[in-house]
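Chemist: make a model of this:
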Amino acid sequence: MAGPPPFLQLAGHPLRWRLLSELSRSDRRVGELCTLAERPQNLVSYHLRLLREGGLVTKRRSAADGRDSYYALDLARCSELHSGAGRALHPGLTSAPRARLARPRRVLFLCTGNSARSQMAEAMCEQRSEGAVRAASAGSRPKPLHPEAVRVMREEGLDLSGRRSTHLGELADQRFDYVVSLCDRVREVCPEFPGAPEMIHWSVPDPAREGGPAFARTVAELRVRIDFLIAAIAAQEVTERA
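Modeler: Below you'll find the predicted structure:
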């Protein structure tokens, strides 16, 4: 009889599972993971290397401090491997259908300029949740909407052309269920919002720095992250009902 699939062997280690669980909530720096897991850096770094080699975790240099890096869970790859592990046990095992939300949830997306990433995420989140999530976006140093962001989102069936950039101070007194920072720099200056929303960080590179194909790559990354965020919000509601 064949042994467990490699995904289960890799993810099944208690510390690696803890690291994956933390990264499922937010991108993290290694020091943050050490604190959360209560383990020394050499041990955490060793297991992060194994997770990266296994294709479950990615690493990106911080845009705020080039000496540091953010680790992120590769959600699409984990979903693929998890599904494969389920099919290896029984072909009838499939993902459960997404629950409907009893009330709309509010999500705020932040980046520095509010000119591309956060605007794109706001529009995609409302579209992909079919209105179950009400999204907003803002920036710490607002700039005019980037024309490439408008173009690539038009290909997604979304029109950003009439939107304006917003300073995060304009929303500082509003209540949100989740606040998602998409930029390493804005994470460092993010204020506290009333109601203690869940704070999430996605270390997404600024497509305006590279231009061209970078905007399409940002759309693809945000699509995956937002779909998993919506699923996590729905799962949280199921837990709250129980």
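
Chemist: excluding chain neighbours, what is closest to Pro5?
Modeler: Ala85 (4.5 Å; Cβ to Cβ, 6 or more residues apart in numbering). C-betas here are computed from N, CA, C, even on glycine.

Chemist: just to check, that neighbour is in contact with Gly12?
Modeler: No - Ala85 is not in contact with Gly12 according to Cβ atoms under 8 Å; the separation is 10.2 Å.

Chemist: who touches both of these two?
Modeler: Pro4 (Cβ atoms under 8 Å, 6 or more residues apart in numbering).

Chemist: more neighbours: those two, which one.
Modeler: Counted by other Cβ atoms under 10 Å, Ala85 and Gly12 do not tie: Ala85 has more neighbours, with 17 against 10.

Chemist: and the more buried one, helix, strand or coil?
Modeler: What DSSP: H, G, I helix; E, B strand; the rest coil gives for Ala85 is helix.

Chemist: now do the residue nearest to Pro5 against Phe7, distance only.
Modeler: With distances taken as Cβ to Cβ, to the nearest Å, Ala85 is found 5 Å from Phe7.

Chemist: again with Asp184
Modeler: Taking Cβ to Cβ, one finds Asp184 at 29 Å from Phe7.

Chemist: give me the more crowded residue out of those two.
Modeler: Just comparing Asp184 and Phe7: by other Cβ under 10 Å the higher neighbour count belongs to Asp184, 27 against 20.

Chemist: wait, that one touches Gly66, no?
Modeler: No - Asp184 is beyond contact range of Gly66, at 10.0 Å (criterion: Cβ under 8 Å).

Chemist: and the helices in this structure, which stretches?
Modeler: Ranges of helices in the chain, per DSSP state H, are 6-11, 14-25, 30-37, 41-53, 75-89, 117-128, 147-155, 184-189, 207-210, 213-241.

Chemist: least reliable of the ones you listed going by mean pLDDT?
Modeler: Mean pLDDT values for these show the minimum at helix 75-89, a mean of 85.

Chemist: from the contact counts, what lies against it?
Modeler: helix 6-11, helix 213-241 (3 or more Cβ pairs under 8 Å, 6 or more residues apart in numbering; DSSP states H and E).

Chemist: now the shortest one: buried residues?
Modeler: So the one you mean is helix 6-11. Within helix 6-11, the residues that count as buried by 16 or more other Cβ atoms under 10 Å are 7, 10-11.

Chemist: okay, now the domains of the protein?
Modeler: Domain assignment for the chain by automatic domain parsing gives 6-89, 105-241.

Chemist: so what's Ala72 bridging to?
Modeler: Thr58 (DSSP bridges).

Chemist: now Arg141, nearest residue through space, not along the chain?
Modeler: In space, Arg141 comes closest to Thr112 once its chain neighbours are excluded; the distance is 5.4 Å by Cβ to Cβ, 6+ apart.

Chemist: please name the residues that touch that neighbour.
Modeler: Thr112 neighbours (Cβ under 8 Å, 6+ apart): 139-141, 183, 185-186, 206.

Chemist: now render those residues as CSV, adding distance to Ser129 and neighbour count.
Modeler: Shown next, in CSV, are the contacts of Thr112 (distance: Cβ to Cβ, whole Å; neighbours: other Cβ atoms under 10 Å):
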residue, distance to Ser129, neighbour count
Gly139, 22, 24
Ser140, 25, 21
Arg141, 28, 15
Cys183, 22, 27
Arg185, 27, 18
Val186, 23, 24
Asp206, 25, 20
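
Chemist: taking these together, which two end up most distant?
Modeler: The span of those, defined through Cβ to Cβ, is set by Ser140 and Asp206 at 12.9 Å.

Chemist: okay, Leu93: pLDDT?
Modeler: Confidence score, pLDDT, at Leu93: 63.
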